[in-house]
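Undergrad: quick one: sequence and predicted model below, then my questions.
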Amino acid sequence: MKRLFVVALLWGIAVAGAHAIDNTVYVNPFIGTQTDATGALSGSTFPGATMPQGMVQLSPETENYVTWDPCSGYDYNKDKIYGFTHTHLSGTGCTDLFDVSLMPTTASIMPEELQKGEFPQTYSHDKEQACPGYYMVMLQESGVKVELSATTRTGIHRYTFPQGQKQTVVFDLDRSTFRGEAYYAGRRAYQIIQSQMRFVDDHTIEGYRVITGWAKLRKVYFRAEFSRPIASRLLMDGGRNAGKSDVINGRSLRAALSFNPNEGNELMVRVAISPVDINGARKNMQAEAQSWDFNYYTRQAHDTWQRELSRIDIEGTEEQKTIFYTGLYHVLMQPNTMSDVDGRYMDTNYEICQMPEGETYHSTFSLWDTFRAAHPLYTLIAPDIASQFVRDMLRHHDTYGYLPIWDLWGQDNYCMIGNHAIPVVADAILAELPGIDVQRAYKAMRESSTRSHLNSPFEVWDKYGYMPQTKQNTSVSITLEQAFDDWCVAAVAKKLGFDDDYKYFLRRSEYYRNLFDPTIGFFRPKDENGKWIEPFDPLSYEQPCFIEGNAWQYMWFVPQNPQGLIELLGGEKEFLKKLDENFSLTATSGEVNGNASGFIGQYAHGNEPSHHTVYLYNFAGKPERTQELVDQVRSTFYNATPCGYAGNDDCGQMSAWYIFSSLGFYPFNAGAAEYVIGTPLFTRATLHLDGGRDFTILAPNKTPKRIHVKSVKLNGQPLRGLTLTHKQIIAGGTLEFKMK
């Protein structure tokens, strides 16, 4: 693939500080933006400009109204761009956001055209570039060169128009997602409740929109400043022409803004947003975007991303570095900043709250995905940020009543099952991250595990010791996942000395056993009378007792007690036989769930329930098989092209799997602050930890064909077993693999 993201050519700047390697040059934001010919590979990522945990993600839309896949709004296979919007989701399986769209053109816009709101322009990947904090594309019909950058809360546009041509910018508050009668899981289409544009002066527009969809009653306020005066404007609310009014309210607002071409070919726009109010957007602009020097923003973005990406240094091939650092980039993009520069944010009860000085509130917690590896990676390499995430989750608990399920734009959209903020909080407490009120955090964990809500009727859980399918849909998946969450509560209770709680939640963590059928060797659904529900097909994705998977993929989700799972299956010999079959059985039954892809037998790397499964051989005396499978997944389902992921990246979870698994260890039990050994990809990798400590991973005799581990030493001493603790890593030192 043509390398379009060489930072040195874009900016011609030296690497900031003493860090000799510029890791940003290995980030390719196009990875994950394309499906392959079979439609099997789709990361649903976007290539636009953003900052680490940025509120703004400024990126193009290749669909007029985004539907399902890709949910990011950008499809590398498409050849048209409809606008550039300021908020996006990266790698998710559902879609939302796409706020405040701008589209430059050289066309004259008539009222009926503005009412329709479609201004697509073709583009070519040969004239498209992206790197951290920068995006560029040439629009073919108009000849306009579009360049984008971003601060945390502000999008920066630079348009270069052809000499002597008309200069128009379509400013659209009506762009959103699919508007059909039904969208996802029975939900109604997304609706704009109210919006406003207010022309403050001939350079400035302020306004807002309130929209409901996946996130309920979402409020987005903005301030847009242009580098040159607006010469004329056309304002429309659907079919209503607002004339010369300086303010327009409605639900389908668009403006066509014209600029005088005699004043220059270059036009810049700064768009600050806020989830709180207009004043918040003004303050965000004032604090972050006072310059009209576009290169200033690209330099700032580069330096910020370089600092974040330099938390880990690796020695590998160009392709390995590209996959690794693009993955780290995708992890660090979210959760997203959701407080203004003054610390104000909108809570789950829609009240404006104030963060303590120096703290930032975050949202976009895709927890069913990210608890597995993305959050443990933050815990390991960015503990200060991980601690803030926990504090934000506790604030969510205080107003919402339980820890977040899937938090978006400050609201819980309640997507997926279980409550996987619990393992994130447990991992942070067991890792002893500073800055967390442990007693308050445990209280939130306990209440979130006993206070019934939609998919978690705990009175049913306690009464039956499992979720009956006749009482709760997706019952088998919920039983397995809730049992894991309960183990996390038990582990923290034990650490804090709450013995009764420890015994209670540890007993609940074994409830998975109550849905295991030894006659067929699978977890399967029961009714409230304890009878197996028929018919049952372990290959089927259409059974309502599972979510986004089948019985084979959920067979292995007992990360809190792999030895218990081995016992259920009749000991190591029978367990290994079943596990081998999992990775070899290619049979199907009915249609495969759209979220399942990246298959090795029944293993589906393209969806999260399978992610820990390759490491199970460690617990049954065959670590060499784990090492083979880790290498197979790394080399088969990741590459440095636009279709470089075997499924949705899911806010960095797919990427985080690769990062851990290429370093040589993985958080198999994601709530335990420990890791199981795999096989390293690099001859050398260094984690730069808090306190100036380094943890170096060496595999000096590693080659592409040497994937098996002969021995592992920690600080010169043989590592005991196949487990590495968080405490051992953050102490610094050297982990050395000898390969065979």
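TA: Yes, it's here. Numbering: from 1, shown residues only.
Undergrad: ok, the residue lying closest to residue 60 once chain neighbours are set aside - contacts?
TA: Residue nearest to residue 60 in three dimensions, not counting chain neighbours: residue 81, with 4.6 Å by CB to CB, 6 or more residues apart in numbering. (Glycine included, C-beta is placed from N, CA and C.) Residue 81 is in contact with 60, 61, 62, 103, 120, 121, 122, 123, 137, 139, counting by CB atoms under 8 Å, 6 or more residues apart in numbering.
Undergrad: equivalent analysis for residue 47, please.
TA: Residue 47 makes contact with 29, 30, 33, 59, 60, 74, 128, 130, 135 under the criterion CB under 8 Å, 6+ apart.
Undergrad: burial measure for the residue lying closest to the third one once chain neighbours are set aside, as a count.
TA: Counting by CB to CB, 6+ apart, residue 33 lies nearest to residue 76, which is 4.3 Å off, once chain neighbours are set aside. Using other CB atoms under 10 Å, the number of residues around residue 76 comes to 21.
Undergrad: residue 580 sits in which helix or strand?
TA: helix 572-582 (DSSP states H and E).
Undergrad: how about that helix: buried residues?
TA: Of the residues in helix 572-582, those buried by neighbour count under the rule 16 or more other CB atoms under 10 Å are 572, 575, 576, 578, 579, 582.
Undergrad: tell me the one among the residues you listed nearest to residue 170.
TA: Closest approach between the buried residues of helix 572-582 and residue 170, by CB to CB: residue 582, at 52.1 Å.
Undergrad: for that closest one, give me its contacts.
TA: Contacts for residue 582 (CB under 8 Å, 6+ apart) come out as 552, 555, 556, 601, 602, 603, 613.
Undergrad: from those residues, list just the buried residues.
TA: Counted by 16+ other CB under 10 Å, the contacts of residue 582 give 552, 555, 556, 602, 603, 613 as buried.
Undergrad: helix, strand or coil for residue 194?
TA: Using DSSP: H, G, I helix; E, B strand; the rest coil, the structure places residue 194 in strand.
Undergrad: so how many other residues sit close to it?
TA: Using other CB under 10 Å, residue 194 has 13 neighbouring residues.
Undergrad: not counting sequence-adjacent ones, nearest residue to it?
TA: With sequence-adjacent residues excluded and distances taken as CB to CB, 6+ apart, residue 194 is closest to residue 210, at 5.0 Å.
Undergrad: and for residue 505?
TA: In space, and not counting its chain neighbours, residue 505 is closest to residue 490: 3.7 Å by CB to CB, 6+ apart.
Undergrad: mind checking how far the one you found is from residue 422?
TA: Note on residue 490: its distance to residue 422, by CB to CB, to the nearest Å, is 11 Å.
Undergrad: what's the answer for residue 659, then?
TA: 23 Å.
Undergrad: more neighbours, the two?
TA: Higher neighbour count among residue 659 and residue 422: residue 422, with 28 against 25, using other CB under 10 Å.
Undergrad: give the next helix or strand downstream of the helix or strand where the more buried one lies.
TA: Taking DSSP H and E as the definition, one finds residue 422 inside helix 421-430. With elements assigned by DSSP H and E, the helix or strand that comes after helix 421-430 is helix 438-448.
Undergrad: just checking, next helix/strand downstream of that next one?
TA: Moving toward the C-terminus from helix 438-448, the next helix or strand (DSSP H and E) is helix 458-464.
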